[in-house]
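*Asks:* return a 3D structure for these sequence lines:
(one chain, ligands or ions: 1)
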Amino acid sequence: MTAFPEHPDYTGLNAPVRMELDIRNLPVEGVIPPEIEGAFFRAVPDPAHRPLRDDETLLSGDGMVSRFLFEGGHVDYAIKYVRTARYLAEQKARRALFGRYRNPFTDDPSVEGVDRTVANTTPIWHAGRLLMAKEDGRAYEVDPITLDTIGPWDFGGQMRSQTMTAHARIDADTGEMFFYGYEAAGLASEDIAYCIADRDGRLVSEQWFRAPYAAMMHDFAISERYAIFPIFPTTTDLDRLKEGGHHWVHNQELESWIGIMPRYGKVDELRWFKGPPGIHSFHMMNAFDDGAGRVSLDLHLTDTIAFPFVRAASGIERQPWEMGGGFRRWTFDLNRPEDSFEVRDLGPPGDMPRVRDADQGRPYRSAWYLSMNPQGGPPLPGGPAGAAFNALVRIEPGNGRLEVMGVPPGHAINEPVHVPAADPDHEGWLLAVVDRQADGDFRSDIWVIDAGNVAEGAVAKVHLPVRLRPQVHGWWVPRAALEQVEARAEAA
Ligand SMILES: [Fe+2]
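*Replies:* From the prediction side, this is the model:
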């Protein structure tokens with residue numbers, strides 16, 4: 001195989017690693033709080049082959065499932081490729097066969113009709129099942145103990161949607177998983193499938209509706225009573241795809257829309273609110289309602305799209321530091337007839353939000369996200385947005401209180417997971433991979449952070465003997481949940 005392209009998505013922090021590893025007892029600096037017992041799963045895109053095009057986005061990288069197992073103060077690391085149909089076909093050919101990001105018309109004819117998803121965005125844990133999800137296809141089920149791939153998951157043949165989001169929402173009280181698929185009827189379709197799986201993982205509801213236009217719909221939110229579907233003007237078009245063009249183009253003049261419906265209701269109850277043109281949000285922190293028809297959605301907004309490869313495809317000439325945005329609260333009043341809503345500034349720009357699992361869909365006191373620390377020196381080039389985050393923010397949205405942990409210059413921080421504490425007065429712990437420049441290359445560590453006191457920095461660090469490629473999302477699975485799966489496997 002020839003070398004990877006000299007392109008920002010394949011060099012520096014983004015240089016492919018491609019190693020399947022299994023390392024026991026990583027060196028620990030400091031003491032890991034004993035209540036951190038379980039698995040920190042991560043989804044890591046890492047191309048197994050040189051892409052067909054030199055400017056192919058790193059979002060097309062083959063999904064690897066990675067696990068840090070925390071046990072009795074020790075940490076083990078394992079990472080394996082998800083054996084997607086695409087990965088297996090390319091392994092056999094010893095080269096890339098799939099072309100441009102989400103454009104099957106650019107593929108080698110030998111793989112026509114083969115599932116193109118790379119399962120590289122989020123490890124979702126629900127009902128004792130680990131799913132590696134990417135929004136362009138169905139998720140792949142992975143064995144959480146061996147990390148071996150089981151196969152694509154369609155809820156036992158029940159799900160009609162051809163796609164499943166990487167951003168499912170789980171209600172901690174009911175155990176239900178709320179999710180959706182967009183482009184559900186196939187490439188560039190406007191169809192959205194809204195789905196609910198019960199606490200045992202059975203698909204109990206799948207309803208389809210049409211979006212105002214076929215858009216990138218990366219995330220959504222639930223409150224205790226509502227499901228909220230934001231639509232931002234990053235759109236796709238079948239004719240463009242057939243001509244070999246880009247999947248996404250961002251439309252600076254096109255309005256955004258927010259659809260809200262009762263979460264157990266019918267899709268014909270969806271009510272659409274009109275948002276500003278040209279904006280985008282990848283991630284919603286959370287949503288909640290007051291039980292009287294007022295619904296709040298907290299989200300990370302930018303005034304254009306944050307991905308440079310989409311801006312380039314859209315003729316938008318804006319550098320990362322020229323983007324505006326922030327962490328905002330949108331409040332919708334379902335009692336009023338207008339299609340407008342209230343806007344409140346909550347905090348500085350950033351992304352990769354994390355709420356406690358128990359706070360999902362409910363009013364919440366505090367939460368965390370990643371941001372840029374202007375005192376932290378220039379950000380490391382890395383990740384799909386081209387610049388890696390170098391600060392962790394703890395925010396109390398109710399009163400605007402902010403606490404920031406900047407990482408030192410030459411460091412980058414990945415999205416944290418939250419581990420609850422047994423003590424109800426303690427906010428728990430955050431685990432995040434921090435990459436750092438070292439000897440002309442990079443090294444990675446896991447930082448263990450007191451979630452209620454992030455400014456204090458790491459209380460323990462776990463050192464990796466290798467560099468890690470930037471992750472997309474992670475998921476924390478407590479030891480008890482893993483033990484249930486092990487017991488089930490032994491009984492079978
Ligand atoms: Fe995401």
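*Asks:* state the number of residues packed around Phe4.
*Replies:* Phe4 has 18 neighbours, counted by other Cβ atoms under 10 Å. Yep, even glycine has a C-beta here, placed from its N, CA and C like the rest.
*Asks:* got a list of what it touches?
*Replies:* Taking Cβ atoms under 8 Å, 6 or more residues apart in numbering, we find Phe4 in contact with 10-11, 15-16, 47, 50-51.
*Asks:* and it, helix, strand or coil?
*Replies:* coil (DSSP: H, G, I helix; E, B strand; the rest coil).
*Asks:* redo the contacts of Phe4 as CSV? Include secondary structure.
*Replies:* Below are those laid out as CSV (three-state DSSP):
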residue, secondary structure
Tyr10, helix
Thr11, coil
Ala15, coil
Pro16, coil
Pro47, coil
Arg50, coil
Pro51, coil
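*Asks:* and after the helix or strand containing Arg42, which helix or strand comes next?
*Replies:* In this assignment (DSSP states H and E), Arg42 forms part of strand 38-45. Remark: after strand 38-45, the chain's next helix or strand is strand 63-71, criterion DSSP H and E.
*Asks:* now do that following strand, average pLDDT.
*Replies:* For strand 63-71, mean pLDDT rounds to 98.
*Asks:* partners of that strand in the sheet?
*Replies:* Strand 63-71 has its sheet partners listed here by DSSP bridges as strand 38-45 (antiparallel), strand 74-81 (antiparallel).
*Asks:* can I get it in CSV, CA atoms only?
*Replies:* Taking Å, rounded to 0.1, in the frame of the first residue of the first chain, the C-alpha atoms of strand 63-71 are listed here in CSV:
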residue,chain,number,x,y,z
GLY,A,63,-14.7,2.4,12.7
MET,A,64,-12.6,1.0,15.5
VAL,A,65,-14.2,0.1,18.8
SER,A,66,-11.9,0.9,21.7
ARG,A,67,-12.3,0.1,25.4
PHE,A,68,-10.6,1.2,28.5
LEU,A,69,-11.6,-1.3,31.2
PHE,A,70,-11.3,0.2,34.8
GLU,A,71,-11.0,-2.6,37.4
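*Asks:* how far off centre is that strand?
*Replies:* How far strand 63-71 lies from its chain's middle: 16 Å, per Cα atoms, centre = their mean, to the nearest Å.
*Asks:* also stretch 338-345?
*Replies:* Relative to the chain's own centre, stretch 338-345 is displaced by 26 Å; criterion: Cα atoms, centre = their mean.
*Asks:* what is Lys45 paired to in the beta sheet?
*Replies:* Slight slip there: residue 45 is Pro, not Lys. Taking DSSP bridges, one obtains Gly63 as the residues bridged to Pro45.
*Asks:* surely it touches His473?
*Replies:* No - Pro45 lies out of contact with His473 (Cβ atoms under 8 Å); the separation is 11.0 Å.
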